[in-house]
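> Whatever this is, show me its structure:
(one chain, ligands or ions: 2)
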Amino acid sequence: MKPIILDVDTGIDDALAIAYALNSPELEVIGLTTCFGNGPIEYTTRNTLVVLEKLGKTVPVYAGADKPLKRGLKKFPTHVHGEDGLGNKFDKAPAREAESEGAVDYIIRQVKKRPNEITIIAVGPLTNLALAVKKEPEIASLVKEVVIMGGAVFTAGNVTPYSEANVITDPEAADCVFSSGLPVTIVGLDVTMKTLLPKEKLADWSALNTEAADFFADMTRFYMQSYETFHPGIGGCALHDPLAVGITIDPSFVKKEKWNIKVVLEGEEIGRTVAHSEGEPKIQVCTQVEAETFLNHFLSRIF
Ligand code: BDR
Ligand code: CA
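Numbering: from 1, shown residues only. Ligands and ions are numbered 1, 2, ... in the order given. Presented below is the predicted three-dimensional model:
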């Protein structure tokens, strides 16, 4: 079992990633850390606790960054994830609360306690990781692997023609993480836009008639409607955050290339993840995906 810290900004596809990770025996999710992103930090933390409750799981949750490193907050993507970040399906407050320790200190403490053991899967803005590596730079060489859903290296962005949501939400944090020496694998739009969950599959979830499956199906329907608005006729939604979990379980779902990555921090192309080969290439960039194999694996685990 791989010990995992899952850093989320829950979010509909974050919720799917949480379910996939917690239902996968190869992974031991020791903690969930939260970041602002798909909503304010109060919502993303609450949503993480809600999702855990629906799944009947009690993994500890550590609240993290409430704003980008250097910029103000922008409008939250309510058109994609709903006013509540859960496709407007939030019904009742979770019974549990987040732990008193913050996300950044939790990450540092766990990585130091278990050198070269912990894999961090980060599927929101990279603010928590950047703050952790700025506070304790030596953790960069003590983390086993960092799998990041973020960026659009050889393809178009989803917020601007150049930038992907998690990176543009805190470009300085992403740039810091990519140049920190952390052993990063980028699961960007290059591969996640090829992993489509077809809308017909949601009927199978609803047919299970459990509270969790109904909640996930309803929430994902909302997400699919926003996909349909941006990509008419697409017939489903991309499994961004779940793919980061998937390749942590089975790296053969993707093919990778080694590059260095810098993030554009100003101007029209702000948030763009640019591949270059100055210096020794250190970042693994996923460039191809076995979409069907991954989808079937995801569907076999989600409930
Ligand atoms: C990423 O942005 C967020 O809206 C999703 O949860 C995902 O992490 C996709 O660009
Ligand atoms: Ca996310």
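> got the residues of the stretch 151-300 of the chain near ligand 2?
Asp241 (C-beta under 5 Å from the ion). For glycine as for every other residue, the C-beta is placed from the backbone atoms N, C-alpha and C.
> show me what contacts the residue of the stretch 151-300 of the chain found nearest ligand 1?
Using C-beta to the nearest ligand atom, the closest approach of the stretch 151-300 of the chain to ligand 1 is made by Ala165 at 3.5 Å. Contacts for Ala165 were tallied using C-beta atoms under 8 Å, 6 or more residues apart in numbering; they are 37, 77, 158-159.
> and if we set it to 6 Å?
The neighbours of Ala165, taking C-beta atoms under 6 Å, 6 or more residues apart in numbering as the test, are 158-159.
> And it, how far from Gly246?
19 Å (C-beta to C-beta, to the nearest Å).
> Kindly report the same for Ala103.
23 Å.
> Give the burial count for the closest residue to Arg96 other than its chain neighbours, as a bare number.
Once flanking residues are discounted, Arg96 sits nearest to Leu49: 5.4 Å by C-beta to C-beta, 6 or more residues apart in numbering. Other residues near Leu49 come to 22 when the count uses other C-beta atoms under 10 Å.
> which residues touch the residue nearest in space to the middle of the chain?
With distances taken as C-alpha atoms, centre = their mean, the residue of the chain nearest its centroid is Val123 (1.5 Å). Residues in contact with Val123 (C-beta under 6 Å, 6+ apart) are 8, 14, 17, 149, 241, 244.
> where's the closest residue to the third one other than its chain neighbours, which helix or strand?
Looking back up the chat, that one is Ala17. Distances taken as C-beta to C-beta, 6+ apart place Asp241 nearest to Ala17, at 3.7 Å, with adjacent residues excluded. Using DSSP states H and E, the element containing Asp241 is helix 240-249.
> same question, Val51
Using DSSP H and E, Val51 sits in helix 41-55.
> how about that helix: buried residues?
By 16 or more other C-beta atoms under 10 Å, the buried positions in helix 41-55 come out as 41, 43-55.
> After the biggest helix by length in the chain, which helix or strand is next? Please name it.
Longest helix of the chain, by residue count under DSSP state H: helix 211-230. Later in the chain than helix 211-230, the nearest helix or strand by DSSP H and E is strand 236-238.
> so what does that next one touch, helix or strand wise?
With contacts taken as 3 or more C-beta pairs under 6 Å, 6 or more residues apart in numbering; DSSP states H and E, strand 236-238 sits against strand 196-198, helix 211-230.
> Let's see that with 10 Å instead.
Under the contact definition 3 or more C-beta pairs under 10 Å, 6 or more residues apart in numbering; DSSP states H and E, strand 236-238 sits against helix 12-22, helix 189-192, strand 196-198, helix 201-207, helix 211-230.
> hmm, that strand touching ligand 1?
No - on the criterion C-beta under 6 Å from any ligand atom, strand 236-238 is out of touch with ligand 1, staying 7.6 Å away.
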